[in-house]
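In: Using only what follows, build the 3D model:
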Amino acid sequence: MSRADATKARILQAATDEFAMYGIAGARVDRIAKTAAANKNLIYVYFCSKEQLFDAVLDAHVTHGLDSVPFTPDNLPEYAGQIFDYCQQHPEVIRLATWHRLERPDRDPAGTSPAREAKLEALAAVQKESGLGSDFSPTALLTLVLSIALAWNPSNATSMPASATEAESTDDRRRAIVEAVRHLL
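Out: Below you'll find the model as predicted:
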């Protein structure tokens, strides 16, 4: 790895932590540079602006991260469970996605990405072949499945138990997600 690549990697990691904690508006380039042990000007050289740095972080962690979970259009309940598992292992993904929805609602990071289009095409083929989830368009079905998979997360206050007696284990939550998607279909 070149020195420049190592510096970019440190900046991206520091920015991930900063944006996950503070969002775009609250993040400070000075703190990112200090944490990354990098010159503040390099952030602008490599990423042009704080917003473009956020986009790079979002792409690296949310878009690529969620795309790393194998898409199984013929087994959407398990796919939802795997998305849940991924987000449990990478809570920064949920926080970054939440900040994105709050601060940049007009920009869809997944939008018309080739990976999303491939998922929609595969889902449409499975729907046509088996009728699975055919009450919904592929776009609506994928959105619903992802929404269910992401329902329990630290940034969703309604997902936290009101008391210790209501606490559910992570396994209970995963089972509920898988079963909810099964019922949806």
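
In: and the chain, what are its domains?
Out: Per the record, the chain has its domains at 1-51, 69-184, by automatic domain parsing.

In: Could you tell me the least trusted of these?
Out: The minimum mean pLDDT among the domains of the chain belongs to domain 69-184 (a mean of 85).

In: Grab the longest helix from the chain for me.
Out: helix 3-26 (DSSP state H).

In: packing partners for the following helix or strand past it?
Out: The helix or strand immediately downstream of helix 3-26 is helix 29-36, counting by DSSP states H and E. Other helices and strands packing on helix 29-36, by 3 or more C-beta pairs under 8 Å, 6 or more residues apart in numbering; DSSP states H and E, are helix 3-26, helix 40-47, helix 50-58. Yep, even glycine has a C-beta here, placed from its N, CA and C like the rest.

In: Which stretch among the ones you listed is buried most, on average?
Out: Greatest average neighbour count among the helices and strands packed on helix 29-36 goes to helix 50-58 (a mean of 20), per mean count of other C-beta atoms under 10 Å.

In: what's the residue nearest the centre of the chain in contact with, if anything?
Out: The chain has residue 62 as the residue nearest its centroid, 3.7 Å off, counting by C-alpha atoms, centre = their mean. By C-beta atoms under 8 Å, 6 or more residues apart in numbering, the residues touching residue 62 are 93, 96-97, 100, 109.

In: ditto for residue 31
Out: Residue 31 is in contact with 14, 18, counting by C-beta under 8 Å, 6+ apart.

In: What's the separation between it and residue 138?
Out: Using C-beta to C-beta, to the nearest Å, residue 31 is found at 41 Å from residue 138.

In: Same question for residue 86.
Out: In terms of C-beta to C-beta, residue 86 sits 21 Å off from residue 138.

In: Show me which of the two is the more surrounded one.
Out: residue 138 (20 against 15; other C-beta atoms under 10 Å).

In: what about the more buried one, distance to residue 78?
Out: For residue 138 relative to residue 78 (C-beta to C-beta), the value is 18 Å.

In: next one: residue 91
Out: For residue 91, the distance to residue 78 - C-beta to C-beta - is 21 Å.

In: same check, this time on residue 104
Out: Distance of residue 104 to residue 78, given as C-beta to C-beta: 31 Å.

In: repeat for residue 72
Out: Taking C-beta to C-beta, one finds residue 72 at 6 Å from residue 78.

In: do the same with residue 184
Out: 13 Å.

In: tell me which element residue 73 is part of?
Out: For residue 73, there is no host helix or strand (DSSP H and E).

In: contacting residues around it?
Out: With C-beta under 8 Å, 6+ apart, residue 73 has these contacts: 79, 119, 122-123, 125-126.

In: Over to residue 67?
Out: Neighbouring residues of residue 67 by C-beta under 8 Å, 6+ apart: residue 115.

In: And it, how far from residue 40?
Out: For residue 67, the distance to residue 40 - C-beta to C-beta - is 31 Å.
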